[in-house]
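# here is a sequence together with a model predicted from it:
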Amino acid sequence: MKARLTKEFRFEAAHTLPTLPEDHKCRQMHGHSFKVEISIEGKVDEKIGWVYDHKLISNAMNPLLEQLDHGYLNDIEGLESPTIEILAGWFWKKLAPQLPGLAEIVIFETPTARCSFKGEF
Ligand SMILES: Nc1nc2c(c(=O)[nH]1)N=C([C@H](O)[C@H](O)COP(=O)(O)OP(=O)(O)OP(=O)(O)O)CN2
Ligand SMILES: [Zn+2]
């Protein structure tokens, strides 16, 4: 049996989008309550009944969330132009080496705007 396991995380952060035209509202510093969904896929261990402990996803995410939460995203290496697309790629590069079967990362910037990324650079 194969299954997809998803864990959800949240962080608050400020950003600007510096490459946009001067008059675009996102050139102003502003903040979002970001939501991140991390999904892994794999074979369910028959004896235990799970792909792997979802605590491993939390363990991989916690140092990243500590770095991002209540921060200014543009100051972080790789996030100089922090769109949700760039953020999704940033998370992927950090998590893929630690999370076998990483399948999808979805980042919500607002309740109605999200980006999903499956690791295709
Ligand atoms: N493709 C992307 N488009 C936009 C991104 C992004 O990361 N990728 N980001 C932004 C800004 O961060 C902006 O702050 C988003 O929030 P908001 O202005 O509230 O969103 P909307 O303009 O979509 O809100 P409406 O509900 O449509 O008023 C912008 N675009
Ligand atoms: Zn924004």
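It's in. Quick caveat: nothing in here was measured; it's all calculated off a predicted structure. Ligands and ions are numbered 1, 2, ... in the order given.
# can you map out the helices along the protein?
Along the chain, the stretches classed as helices by DSSP state H are 55-68, 84-95.
# I would like the residues contacting the shortest one, please.
Outside of helix 84-95, the residues within contact range by CB atoms under 8 Å, 6 or more residues apart in numbering are 34, 36, 38, 60-61, 64, 73, 78-79, 102, 105-109, 113-117, 119, 121. (C-beta placed from N, C-alpha, C; glycine too.)
# and the residues you listed, which are buried?
34, 36, 38, 60-61, 64, 73, 79, 102, 105-109, 114-115, 117 (16 or more other CB atoms under 10 Å).
# in strands only, show me the residues you listed.
Phe34, Val36, Ile38, Leu102, Ile105, Val106, Ile107, Phe108, Glu109, Arg114, Cys115, Phe117 (DSSP state E).
# and the closest residue to the first one other than its chain neighbours, how many neighbours?
If you skip the residues right next to it in sequence, Phe34 has Phe11 as its closest partner in space, 5.3 Å away by CB to CB, 6 or more residues apart in numbering. Neighbourhood size, Phe11 [other CB atoms under 10 Å]: 19.
# distance check, Phe11 against ligand 1.
Separation of Phe11 from ligand 1 (CB to the nearest ligand atom, to the nearest Å): 14 Å.
# and that residue, what's its pLDDT?
Per-residue pLDDT puts Phe11 at 98.
# what does Tyr72 give?
pLDDT, read off for Tyr72, is 98.
# I'd like the distance between the nearest residue to it once chain neighbours are set aside and Phe121.
Counting by CB to CB, 6+ apart, Tyr72 lies nearest to Ala14, which is 5.0 Å off, once chain neighbours are set aside. Taking CB to CB, to the nearest Å as the measure, Ala14 falls 26 Å from Phe121.
# ditto for Trp50
Where Phe121 is concerned, Trp50 sits at a distance of 29 Å (CB to CB).
# ditto for Leu68
Leu68 is 21 Å from Phe121, by CB to CB.
# for Asn74, give me its contacts.
Asn74 is in contact with His15, Thr16, Pro18, Glu80, Ser81, Pro82, counting by CB under 8 Å, 6+ apart.
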